[in-house]
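**Student:** Whatever this is, show me its structure:
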Amino acid sequence: MPIRAPGRTRRGRARAAALALAALLGAAVPGCGAPADPGAAPTPVAATVRHSGGPDTEAALHTAVRRLVAGGRAPGAAALALDGGGTRFASAGLADVRTGRRIHESDRFRAGSITKTFVAAVVLQLAEQRRLDLDDTVEEHLPGLVRGQGNDGRKITLRQLLTHTSGLFDFAGDQRVARRLAGPPGASPLTPRQLVRIAVAHRPQFAPGARWHYSNTNYVLLGLIVERVTGRPYAAETERRVLTPLALRGTSFPGTRTTLPTPHGRAYAAQKGARHRHTPHERAPGDRAPRDRTPHDRTPRDVTDLDPSPASAAGEAISTLDDLARFYAALLRGEVLGPAALRRMRDTTAADGRYGMGLFPVRLSCGVTLWGHNGRISGSYVQVVATPGGRHVLAYRLNSDVLPPSAAERDLLKAEFCRT
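**Tutor:** Numbering: from 1, shown residues only. All right, here's what the predicted structure looks like:
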């Protein structure tokens, strides 16, 4: 596994692995983190515009993407915007620091927790078809799985899984997961059911429905429920219901496949002391992290090949910027779900305004509210946001799990959505 570090003690490897997995599945929000380094050297920039709203919009996207890699925290970044004027794409920095290759619009990359939006859409489709009900309990579909240490699947509903209000412990913070990841290469991957059993070996964070806490365990359970209801793995059902109808040919769910489909660049994790330093408390929607003043090691570590199976339905997806932009556009236009289901997806009441069902709001200082999700997995950070009707979408990514500078991410969103 890419998180193994030769020369560490067994205890140190276990701790590093646990923290890496917490980061691997973490969610973050724009507007947090350290500012960009104003003294950074210029980075290579490329832009492609198939149709444009004008030179000003192209230049603004171009400049904002360049700022994402200022300071060298990530080797490269790219963004793709869909709006009434067509499609605009810009990239900055490098896709491969060894060869000097730049990021291409068609490149595949790991999308992390963006997977949750796909899973939520499938669950809501099944609810529309009355094959399940959001007020069903976990116990009704997965009898006996969520039990022990105060956890009780008879008291947790699918609605609470979707909104992260179940109270279930996040398996990503468990040391047993760490020991498996720190073990020798070739060890059997953890299955979704094993991940759930690890989670329920911990006491719940709170009683079901009492409050909100982002937990990857919720969406692993939803993936298992999709399989129980349909008789097909969640990945096959998502392909049938979402990927094929929308022609999202660059999107896949790799299971245990360790390599990326072509074309792709490389994926990097910063070395010791970098800003993406793993902590067990990764930023989730609505959380704010303190500024990290740790010195940065500029040498990236290649983590392109990895086993994403521990992420499962919580974060294993591979995709392209174009696929993700078109998916969120179609979803918010009502092409994936009916009006009532889409309203439920954007209802943040249960999470005190932080999260709906596989979507969360991003509120900009200019008064615009966007809807989307982000994902962070080893070697990749991505976010997709769109206006409520899906007419204007922005998908952007870094080829590193280093979080982008707060000011740069905020400026990118303002440049794209706060134009007058």
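**Student:** Do a quick rundown of the helices in the stretch 51-200 of the chain.
**Tutor:** Listed in chain order, the helices of the stretch 51-200 of the chain (DSSP state H, counting those that start in this stretch) span 55-68, 115-128, 138-141, 158-162, 175-181, 192-200.
**Student:** Near V69, how many other residues are there?
**Tutor:** Using other C-beta atoms under 10 Å, V69 has 29 other residues around it. Glycine gets a C-beta too; all of them are placed from N, C-alpha and C.
**Student:** Just the pLDDT for it.
**Tutor:** On pLDDT, V69 comes in at 92.
**Student:** Tell me how far the closest residue to it other than its chain neighbours lies from R110.
**Tutor:** Nearest residue to V69 in three dimensions, chain neighbours excluded: G93, at 4.0 Å (C-beta to C-beta, 6 or more residues apart in numbering). Distance, G93 to R110, using C-beta to C-beta, to the nearest Å: 18 Å.
**Student:** Same check on G358?
**Tutor:** To R110, G358 is 18 Å away according to C-beta to C-beta.
**Student:** now swap in E237 and tell me
**Tutor:** Separation of E237 from R110 (C-beta to C-beta): 21 Å.
**Student:** Between the two, which has more neighbouring residues?
**Tutor:** Between E237 and R110, counting by other C-beta under 10 Å, R110 is the more crowded of the two (32 against 21).
**Student:** wait, doesn't that one sit right on G265?
**Tutor:** No: using C-beta atoms under 8 Å, R110 is not in contact with G265, being 11.6 Å away.
**Student:** if we can go back for a sec, just confirm the residue nearest to V69 contacts R101, I think it does.
**Tutor:** No: at 10.8 Å, G93 does not count as touching R101 under the criterion of C-beta under 8 Å.
**Student:** okay, the two: which has more neighbours?
**Tutor:** More crowded of G93 and R101, by other C-beta under 10 Å: G93, with 25 against 15.
**Student:** who's that one bridged to?
**Tutor:** G76 (DSSP bridges).
**Student:** Check the gap between it and R346 for me.
**Tutor:** Here the criterion is C-beta to C-beta. By it, G93 lies 34 Å from R346.
**Student:** go on, R197?
**Tutor:** Separation of R197 from R346 (C-beta to C-beta) stands at 33 Å.
**Student:** Then A127?
**Tutor:** For A127 relative to R346 (C-beta to C-beta), the value is 15 Å.
**Student:** who has more neighbours, those two?
**Tutor:** Between A127 and R346, counted using other C-beta under 10 Å, A127 has the larger neighbour count: 21 against 16.
**Student:** Pretty sure that one sits against D133.
**Tutor:** Yes: if you go by C-beta under 8 Å, A127 and D133 touch, sitting 6.4 Å apart.
**Student:** what's the overlap in contacts for these two?
**Tutor:** L158 (C-beta atoms under 8 Å, 6 or more residues apart in numbering).
**Student:** Find the residue at the geometric middle of this structure.
**Tutor:** With distances taken as C-alpha atoms, centre = their mean, the residue of the chain nearest its centroid is G375 (1.5 Å).
**Student:** Ramachandran angles for the closest residue in space to E239 that isn't next to it in sequence?
**Tutor:** Residue nearest to E239 in three dimensions, not counting chain neighbours: F253, with 7.6 Å by C-beta to C-beta, 6+ apart. Here is the backbone geometry of F253 (degrees, to the nearest 10): phi -120, psi 100.
**Student:** in the stretch 151-300 of the chain, what spans have low per-residue confidence?
**Tutor:** Across the stretch 151-300 of the chain, the ranges flagged by pLDDT under 70 are 178-187, 271-299.
**Student:** can you rerun that using 80?
**Tutor:** Within the stretch 151-300 of the chain, the segments meeting pLDDT under 80 span 176-189, 270-299.
**Student:** any chance you could map the strands in the protein?
**Tutor:** Under the criterion DSSP state E, the chain contains strands at 45-49, 76-83, 86-93, 109-112, 147-148, 151-152, 268-270, 300-302, 317-319, 360-363, 369-377, 380-386, 393-398.
**Student:** Single out the most deeply packed of those.
**Tutor:** Mean neighbour count, computed with mean count of other C-beta atoms under 10 Å, is highest for strand 109-112 among these, reaching a mean of 30.
**Student:** so how far is Q383 from the nearest residue to A341 once chain neighbours are set aside?
**Tutor:** Spatially, and ignoring its direct neighbours in sequence, A341 is nearest to L124 (4.4 Å; C-beta to C-beta, 6+ apart). Separation of L124 from Q383 (C-beta to C-beta) stands at 22 Å.
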